[in-house]
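S.K.: need coordinates for the following:
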Amino acid sequence: MFEEVRESIVNLRRAFEIVRLSDTSIKNKAINAIAKRLNENRTYLIEENAKDIRKARENGVRESLIDRLALNDKRIEEMLKSCEVVLSLKDPIGEVVDSFVREDGLKIYKVREPIGVIAIIYESRPNVTVETTLLALKSGNVILLKGGSDAINSNIALTNIIKEALREANLPESAVELVRSTDRSVVDYIINQRGLIDLVVPRGGKPLIDYVTMNSKVPVLETGAGICHIFVDESANVEKSIQVIDNAKTQRPGTCNAVETLLVHEHIAPKLLPELKKIFDEKGVEIRGCERTKNIINCKLATEEDWETEYLDLIISVKIVSSIDEAIKHISRYSTKHSESILTENYTNAMKFIASIDSSTVYINASTRFTDGGQFGMGAEIGISTQKFHARGPVGLKELTTTKFIVFGDYHTRK
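M.R.: Below you'll find the predicted structure:
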């Protein structure tokens with residue numbers, strides 16, 4: 001098992017030396033070929049994905065998580081759109097980030113170059129297989145895919161298609177490798193391959209992210225769990241606020257950018273909460289509220305654990321606060337630094353919220369569901385980084401590069 005994984009990593013290392021030097025036209029040819037094959041193999045992909053969904057249901061996986069696992073025509077169209085957008089984006093490799101000329105004529109340039117061999121360890125969501133591949137290839141990197149056992153059939157099918165596309169583009173098919181073993185001990189092996197793997201990206205639930213971050217000997221780009229908050233200020237438009245909250249909770253509750261905790265100013269709560277409950281009751285959303293919330297609407301009593309939970313389900317915790325300062329204090333304590341939003345008509349409060357909240361993405365009058373590489377014009381993302389080095393927020397092409405200095409001299413010597 002480990003021998004196969006090591007062979008894949010060694011092959012990736014060799015493939016990197018080719019991919020990193022490939023010009024944009026070659027990389028774009030590969031992306032075009034991926035799109036073509038995805039479109040041609042819809043039936044094959046959906047049939048293989050159906051095997052994973054069937055097994056998930058047999059294992060009692062809840063529907064919000066099965067939604068993350070599912071491939072259908074709409075999801076395939078989204079993959080094709082990602083291909084289209086990534087194709088249109090400027091190749092970041094070789095971009096001059098900064099430059100200057102010294103008084104003695106020495107010219108110094110700071111330019112972008114690929115990171116190298118990237119390993120992504122992820123759960124469910126087979127679309128991640130395609131999105132990360134697109135970004136890796138366009139940015140001159142190669143990628144080791146370690147998906148979850150729940151999506152193994154889908155990931156094998158997608159990787160087969162990707163490898164066919166790489167061959168058509170005259171790129172090494174070993175530029176993308178899938179770990180087919182579903183044994184969890186493989187994760188430990190991968191995160192100990194310092195020197196062969198340049199970066200590890202864990203993408204999934206908090207236990208996976210914490211484990212990789214705490215145990216990896218390879219540098220980690222931490223993508224955080226999403227305990228996302230929305231604060232409804234006393235000046236907010238109630239009708240419009242309900243639409244935003246509904247979207248943030250129910251559109252796709254199993255995603256990391258879905259809202260998990262709603263904070264409501266005490267002056268607007270009596271008007272907003274009963275109307276919101278009507279909609280949530282219709283859609284099967286369970287509300288867990290503080291004592292003050294329970295005095296306004298019939299709901300379960302929230303516990304301390306609720307404020308610390310990423311539900312990834314049709315559940316939301318609700319707390320009534322007396323001021324924007326109390327809302328900010330609550331978010332600062334419980335946020336995973338993913339995405340937070342304020343709904344308000346008060347400019348001063350909006351600016352205070354932006355300045356005070358230390359999360360990767362902060363919104364004024366918008367749903368947290370927009371935190372996504374595709375929505376931010378990146379075509380795709382390798383994850384949402386909640387750390388501060390070297391990338392933060394949706395991780396796209398530029399975030400998958402590092403830099404080096406190139407210095408031009410005329411036989412200069414240092415004095």
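S.K.: what separates Ile357 from Asn349, distance-wise?
M.R.: 12 Å (CB to CB, to the nearest Å). C-beta coordinates here come from the backbone N, C-alpha and C atoms, glycine included.
S.K.: wait, is Arg125 part of a helix?
M.R.: No - assigned with DSSP: H, G, I helix; E, B strand; the rest coil, Arg125 falls outside any helix and is coil.
S.K.: check the closest residue to it other than its chain neighbours and give its pLDDT.
M.R.: Nearest-residue entry for Arg125: Arg68, 5.0 Å, with adjacent residues in sequence omitted and distances by CB to CB, 6 or more residues apart in numbering. For Arg68, the pLDDT comes out at 86.
S.K.: likewise the one 4 residues further on?
M.R.: Reading off the per-residue confidence, Asn72 sits at a pLDDT of 94.
S.K.: list the residues that contact it.
M.R.: Taking CB atoms under 8 Å, 6 or more residues apart in numbering, we find Asn72 in contact with Ile46.
S.K.: point out where this structure drops to low pLDDT.
M.R.: By pLDDT under 70, the chain has no low-scoring segment.
S.K.: could you chop it up by domain?
M.R.: For the chain, the structural domains run 2-223+382-408, 228-370, going by automatic domain parsing.
S.K.: can you pull out the strands in the stretch 251-400 of the chain?
M.R.: For the stretch 251-400 of the chain, the strands defined by DSSP state E, counting those that start in this stretch cover 259-265, 286-289, 300-301, 315-321, 339-343, 361-364, 384-385, 393-394.
S.K.: repeat for the stretch 51-200 of the chain
M.R.: Along the stretch 51-200 of the chain, counting by DSSP E, counting those that start in this stretch, strands occupy 96-101, 107-114, 117-122, 142-146, 176-178, 199-203.
S.K.: surely Ala366 and Asn247 touch.
M.R.: No - taking contacts as CB atoms under 8 Å, Ala366 lies outside contact range of Asn247: 9.4 Å.
S.K.: once you drop chain neighbours, what's closest to Phe2?
M.R.: Tyr189 (5.3 Å).
S.K.: can you count the residues close to that neighbour?
M.R.: 17 (other CB atoms under 10 Å).
S.K.: Leu397 and Leu134: what is the separation?
M.R.: 9 Å.
S.K.: what do those two both touch?
M.R.: Val86.
S.K.: on that earlier part again, so what's the residue nearest to Phe2 up against?
M.R.: By CB under 8 Å, 6+ apart, the residues touching Tyr189 are Phe2, Val5, Arg6.
S.K.: quick one: buried ones out of the residues you listed?
M.R.: Val5 (16 or more other CB atoms under 10 Å).
S.K.: out of the contacts of Tyr189, which are inside helices?
M.R.: Phe2, Val5, Arg6 (DSSP state H).
S.K.: show me which of those is closest to Ile279.
M.R.: Comparing the ones in helices among the contacts of Tyr189 against Ile279 with CB to CB places Val5 closest, at 47.8 Å.
S.K.: hmm, the closest one is touching Leu178, no?
M.R.: No - between Val5 and Leu178 there is no contact under CB under 8 Å: 10.5 Å.
S.K.: which one of the strands of the stretch 251-400 of the chain is the most hemmed in?
M.R.: A comparison of the strands of the stretch 251-400 of the chain by mean neighbour count, using mean count of other CB atoms under 10 Å, puts strand 339-343 on top with a mean of 30.
S.K.: run through who's touching stretch 84-94.
M.R.: Applying CB under 8 Å, 6+ apart, the contact partners of stretch 84-94 are 20, 24, 27-28, 31-32, 35, 111-114, 134-135, 138-140, 374, 377-380, 397-398, 401.
S.K.: how about a cut-off of 7 Å?
M.R.: 24, 28, 31-32, 111-114, 134-135, 138-140, 379-380, 397-398, 401 (CB atoms under 7 Å, 6 or more residues apart in numbering).
S.K.: so how far is it off the chain centroid?
M.R.: Relative to the centre of its chain, stretch 84-94 is centred 19 Å away, using CA atoms, centre = their mean, to the nearest Å.
S.K.: buried set for that stretch?
M.R.: Going by 16+ other CB under 10 Å, stretch 84-94 has these buried residues: Val85, Val86, Leu87, Leu89, Asp91, Pro92, Ile93.
S.K.: ends of that stretch, what's the gap?
M.R.: End-to-end distance of stretch 84-94 (CA to CA, to the nearest Å): 22 Å.
S.K.: equivalent analysis for stretch 33-50, please.
M.R.: Taking CA to CA, stretch 33-50 runs 24 Å from one end to the other.
S.K.: give me the contacts around it.
M.R.: With CB under 7 Å, 6+ apart, stretch 33-50 has contacts from 70-73, 76, 79-80, 83, 126, 153-154, 157-158, 161-162, 164-165, 168-169.
S.K.: could you do stretch 353-369 as well?
M.R.: Residues outside stretch 353-369 that contact it (CB under 7 Å, 6+ apart): 228, 230, 244, 247-248, 251, 257-259, 324, 328, 331, 335, 337-344, 350, 371, 384-386, 392-393.
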